[in-house]
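# Generate a structure from the sequence data that follows.
(2 chains)
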Amino acid sequence: MEQSTSHTFKENAHKAIDDANLRVSLQTMKTGFRAKRSAAVAKLPEFEALRDEGKRLKDHVLANLDFYLEAFEAKVLEQGGHVHWCATAEDARQAVLTICRDHNARTVTKGKSMIAEELGLNAFLEREGVTPIETDLGEYIIQLRHEPPSHIVAPALHVRKEAVADAFRATHTHLAPDRDLSEPRQLLDEARSELRDKFLAADIGITGANALIAETGSTIIVTNEGNGDLTQLLPKVHVVIASLEKVVPTLEDATTILRLLARSATGQEFSSYTTFSTGPRRPEDTDGPEEFHVILLDNGRTKMLGSEFEEMLRCIRCGACMNHCPVYGAVGGHAYGWVYPGPMGSVLTPALIGIENAAPLPNASTLCGRCEAVCPMKIPLPRMLRDWREREFAAKLTPDRQRWGLQLWAFAATRPALYRLGTRLVARMMALAGGRRGRLSTLPLAAAWTQSRDMPTPRGETFMDLYRRRSSSTSQAATGKKG
Amino acid sequence: MTSSGSTSSRATVLDGIRRAHNRGPLDAQAQEVLRQGIKTPGSRVVPARAQGDHAHHLALFAEMAQAVAATLVRVDGWAGVPEAVADYLKGHNLPTDLAVAPDPRLDGLAGHGLFTVRRGPALPQDVVGVAAAFGGIAETGTLMLVSGPDTPTSLNFLPDVHVVVVAASDIGGTYEEAWARLRLRYPATLPRTVNLITGPSRTGDIEQTIQLGAHGPRRLHIVLVDDRAQA
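Next up, the predicted model:
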């Protein structure tokens, strides 16, 4: 599986915050994705009703997941396609490799797929002597830079155009070294012409899937560039890799998701290309792949069913939660350390790679609730982040000092008299220490907090004391008036 | 034709789902209810904008398609198609060598003196591809194209310029109407590929600046044929 650095989130985040280029990129995201989404939602009065419908639909599918997967499988087989059930990431990698071996494949073109990232598929195929070529522009850029995506919709969100130009110059060495690559247009045109031949030469095309349809045995990809279509159209073999929860009953159900997806992701009414693939090419067809394979990946998802994290399986990977997250907006995607960043990643990553390997992630949130407010599938992300924090605490994964602090606080908080006495003492002490300045520049156990600001000191009175004093004076005043 | 990976993986996954739900496989009656649900998709939330009469659908289709950088021209009857395509290509200084879908409705293009026409799937060097759509969806200005011997999918993606001819009578309000038509036309199984196309190819992957013409067509030109009068 893709290597994780989720356990060092704190260090990753520090580094990210110091990255000036990243700050610029993240600022673009905030003004871009957020404004576009809210404009698209404003244009569709039915958006809220669609969210409810989407939630109902996915809950129904998850409750009957075995039935819909078997129905989907039967339809794919009926049309001459192949279905590969894969319980683990390793099963899925081996299934892909077997298909590559069966066709003596040397190069594989790839449409954008988060499941492929989850499998660490590129590194695996390279080790096995098969060359994977990413064809989505963003994925192509990060493949050349040997780094993982930093956003599930815009994988190269963190890369500025000058860095794209550097990567292209380093790779496309057959082109004039002094060519002008200062504008996005020039970069795009170069990528387009470089990749065109790769599309035509590839032995196998691998895409992900935004949905699987039980009614028809179809897989769906939603893209803007057209790369996914060239990937699945031109080679002899089309391999779809999808996780189990992508299945929906009918074309109409897929439509509900499609009406929510682009608006939530990029603020488009609809993406440029939404493509339904059903089996291999028909005998009378003059183009299209001769073989059609669907890899159905579990990799920990059935374990989420029936747990407090089941609702995470409604996710349609639009990225709205990360686009609106203040923490993602400050540190970007790489700090999260694994495939899925932002709020959805902080819930999903511990479920897929274990909380022991991802313990800091559920804490990488202010629980402000914006993620849930914009989620098209109404996933209760903050609630699930709190659930992970509880599990993390129960498994003793939080740092000792934090645990002792919390235990001490819990001890006091369940004893009101003691708690009030304690706060009264601390408030007085802080007031004394702050002196006339009324501020503290350092605090024991909170050095990180006071590093960038002073702590204003309390005025020597606790809230409870103040409340008691005021309420007794108002009640006296009230009584006085009556009398 | 086969289900594989490993048969044990299949059982592991399905058992995992059932264990999580504290049940075995669904009983026959429950399965029948779900099967009926697949056969008779119930009513859905449908945007009000896609309601209204056919004239509204045509106007909305044109408006939405042009909002995503497609160009569109309306012609009166199929006989007007070749001239409309010629006008477009001349107007944009584009080549007149055409790769044209074998769909018989596009036969008129071969007879037009301006074009050199090749019928069939697109070749890598083709610059202009002409295709005929199965229909259009007004809700988002989306074209629906299906694969088949008369309508190869490569024409939709390989050429730089994608010209799509669509009959006004095939434009509906919603995706749901398009699915209903599709099921009627292809009752046994869907065509290998169903493309919903909304504007030309684009990307925002470099600094979120939207650029047209990523890997697919740089231009999408729609010829909307008013065929109602004849019908």
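
# Please parse chain B into its domains.
B:9-38, B:51-226 (automatic domain parsing).

# Which one of these lies nearest to chain A?
domain B:51-226 (2.3 Å; Cβ to the nearest Cβ). Yep, even glycine has a C-beta here, placed from its N, CA and C like the rest.

# Can you add mean pLDDT and give the domains of chain B back as a markdown table?
Putting these into a markdown table (pLDDT from 0 to 100) gives the following:
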| stretch | mean pLDDT |
| --- | --- |
| domain B:9-38 | 96 |
| domain B:51-226 | 97 |
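
# which of the ones you listed sits most buried?
Across the domains of chain B, the average number of neighbours (mean count of other Cβ atoms under 10 Å in any protein chain shown) peaks for domain B:51-226, which reaches a mean of 20.

# just how off-centre is it within its chain?
Taking Cα atoms, centre = their mean, to the nearest Å, the mean C-alpha location of domain B:51-226 is offset from the chain mean by 8 Å.

# so how far is the first residue of that domain from its last?
20 Å (Cα to Cα, to the nearest Å).

# Adding distance to chain A as columns, could you present the domains of chain B in JSON lines?
Converted to JSON lines, the domains of chain B look like this (distance: least, Cβ to the nearest Cβ, whole Å):
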{"stretch": "domain B:9-38", "distance to chain A": "3"}
{"stretch": "domain B:51-226", "distance to chain A": "2"}
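
# for the residue nearest in space to the middle of chain B, helix, strand, or coil?
Nearest to the mean C-alpha position of chain B, by Cα atoms, centre = their mean, lies residue B:144 at 2.1 Å. Of the three states, residue B:144 takes strand according to DSSP: H, G, I helix; E, B strand; the rest coil.

# will you turn the domains of chain B into TSV that also has distance to residue A:399?
Shown next, in TSV, are these (distance: least, Cβ to Cβ, whole Å):
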stretch	distance to residue A:399
domain B:9-38	32
domain B:51-226	37
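
# thought the residue nearest to the centre of chain B was touching residue B:133?
Yes. Using Cβ atoms under 8 Å, residue B:144 is in contact with residue B:133, at 6.2 Å.

# For residue 94, give me phi and psi.
This is for chain A. According to degrees, to the nearest 10, the main-chain angles of residue A:94 amount to phi -70, psi -40.

# wait, I meant chain B there
phi -100, psi 160.

# quick revisit: of all the domains of chain B, which lies closest to residue A:20?
domain B:51-226 (15.0 Å; Cβ to Cβ).

# can you map out the helices along the stretch 301-450 of chain A?
A:301-304, A:320-323, A:326-331, A:342-353, A:355-358, A:370-374, A:381-394, A:400-413, A:416-434, A:447-451 (DSSP state H, counting those that start in this stretch).

# An error on my part: the question was meant for chain B.
B:7-20, B:28-39, B:54-67, B:81-91, B:108-111, B:175-185 (DSSP state H).

# Any chance of TSV for those helices, columns distance to residue B:214?
Below are the helices of chain B laid out as TSV (distance: least, Cβ to Cβ, whole Å):
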stretch	distance to residue B:214
helix B:7-20	36
helix B:28-39	35
helix B:54-67	18
helix B:81-91	22
helix B:108-111	27
helix B:175-185	24
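
# Out of those, flag the one nearest residue B:221.
Checked against Cβ to Cβ, the stretch from the helices of chain B lying closest is helix B:81-91, at 5.3 Å.

# which residues are in contact with that closest one?
Residues from elsewhere that reach helix B:81-91, judged by Cβ atoms under 8 Å, 6 or more residues apart in numbering or on different chains: B:71, B:73, B:75, B:94-96, B:98, B:106, B:108-109, B:111-112, B:114-115, B:128, B:130, B:161, B:163, B:165, B:221, B:223, B:225.

# Let's see that helix as PDB, backbone CA atoms only.
C-alpha atoms of helix B:81-91 as PDB (Å, rounded to 0.1, in the frame of the first residue of the first chain):
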ATOM      1  CA  VAL B  81     -26.400  20.600 -42.200                       C
ATOM      2  CA  PRO B  82     -23.600  20.600 -44.800                       C
ATOM      3  CA  GLU B  83     -23.800  24.300 -45.400                       C
ATOM      4  CA  ALA B  84     -23.900  25.000 -41.600                       C
ATOM      5  CA  VAL B  85     -20.800  22.900 -41.100                       C
ATOM      6  CA  ALA B  86     -19.100  24.600 -44.100                       C
ATOM      7  CA  ASP B  87     -19.900  28.000 -42.600                       C
ATOM      8  CA  TYR B  88     -18.500  27.100 -39.300                       C
ATOM      9  CA  LEU B  89     -15.200  25.700 -40.700                       C
ATOM     10  CA  LYS B  90     -14.700  28.600 -43.000                       C
ATOM     11  CA  GLY B  91     -15.500  31.100 -40.300                       C
END
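
# What separation is there between the residue nearest to residue A:312 when sequence neighbours are not counted and chain B?
Nearest residue to residue A:312, sequence neighbours excluded (Cβ to Cβ, 6 or more residues apart in numbering or on different chains): residue A:347, at 5.2 Å. Per Cβ to the nearest Cβ, to the nearest Å, residue A:347 is found 17 Å from chain B.

# what sits against residue A:347?
Counting by Cβ under 8 Å, 6+ apart, residue A:347 has contacts A:309, A:312, A:362, A:379, A:381, A:384, A:385, A:388.

# circling back: least confident of the helices of the stretch 301-450 of chain A, on average?
Among the helices of the stretch 301-450 of chain A, helix A:447-451 carries the lowest mean pLDDT, a mean of 81.

# mean confidence for stretch A:461-473?
84.

# So which residues make contact with that stretch?
In contact with stretch A:461-473 (Cβ under 8 Å, 6+ apart) are residues A:420, A:423, A:424, A:427.

# what comes up buried for that stretch?
residue A:462 (16 or more other Cβ atoms under 10 Å in any protein chain shown).

# quick one, domains of chain A?
Split by automatic domain parsing, chain A gives A:6-303, A:405-482.

# tell me the most buried of those?
It is domain A:6-303: most buried of the domains of chain A by mean count of other Cβ under 10 Å, with a mean of 21.

# gap between it and the chain center?
The mean C-alpha position of domain A:6-303 is separated from the chain mean by 13 Å, Cα atoms, centre = their mean.

# would you list every one of the strands in the stretch 51-200 of chain A?
Secondary structure of the stretch 51-200 of chain A (DSSP state E, counting those that start in this stretch): strands located at A:82-86, A:107-110, A:131-134.

# between the ones you listed, which one is nearest to residue A:75?
Of the strands of the stretch 51-200 of chain A, nearest to residue A:75 by Cβ to Cβ is strand A:82-86, at 9.7 Å.

# where does residue B:229 land on pLDDT?
56.

# contacting residues around residue B:208?
Residue B:208 touches A:28, A:29, A:32, A:33, A:154, A:157, counting by Cβ under 8 Å, 6+ apart.

# what subset of these is also close to chain B?
Restricting the contacts of residue B:208 to those within reach of chain B (Cβ under 8 Å from any Cβ of the partner chain) leaves A:28, A:29, A:32, A:33, A:154, A:157.

# Adding pLDDT, write those out as TSV.
Compiled in TSV, the ones next to chain B among the contacts of residue B:208 are given as follows (pLDDT from 0 to 100):
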residue	pLDDT
A:28	86
A:29	85
A:32	89
A:33	93
A:154	95
A:157	94
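
# In helices only, show me those.
A:28, A:29, A:32, A:33.

# so what's whichever residue of chain A sits closest to chain B up against?
Taking Cβ to the nearest Cβ, chain B has its nearest neighbour within chain A at residue A:226, 2.3 Å off. If a contact means Cβ under 8 Å, 6+ apart, then residue A:226 has A:272, A:273, B:157, B:201, B:214, B:215, B:216, B:217 as its contacts.

# Please repeat the previous calculation with a cut-off of 7 Å.
Contact analysis of residue A:226 by Cβ atoms under 7 Å, 6 or more residues apart in numbering or on different chains lists A:273, B:157, B:201, B:214, B:215, B:216.

# Out of those, the closest to residue A:201 would be?
residue B:215 (14.8 Å).

# quick one: the closest one and residue A:192 touch, right?
Yes. In this structure, residue B:215 is within contact of residue A:192 by Cβ atoms under 7 Å, at 6.0 Å.
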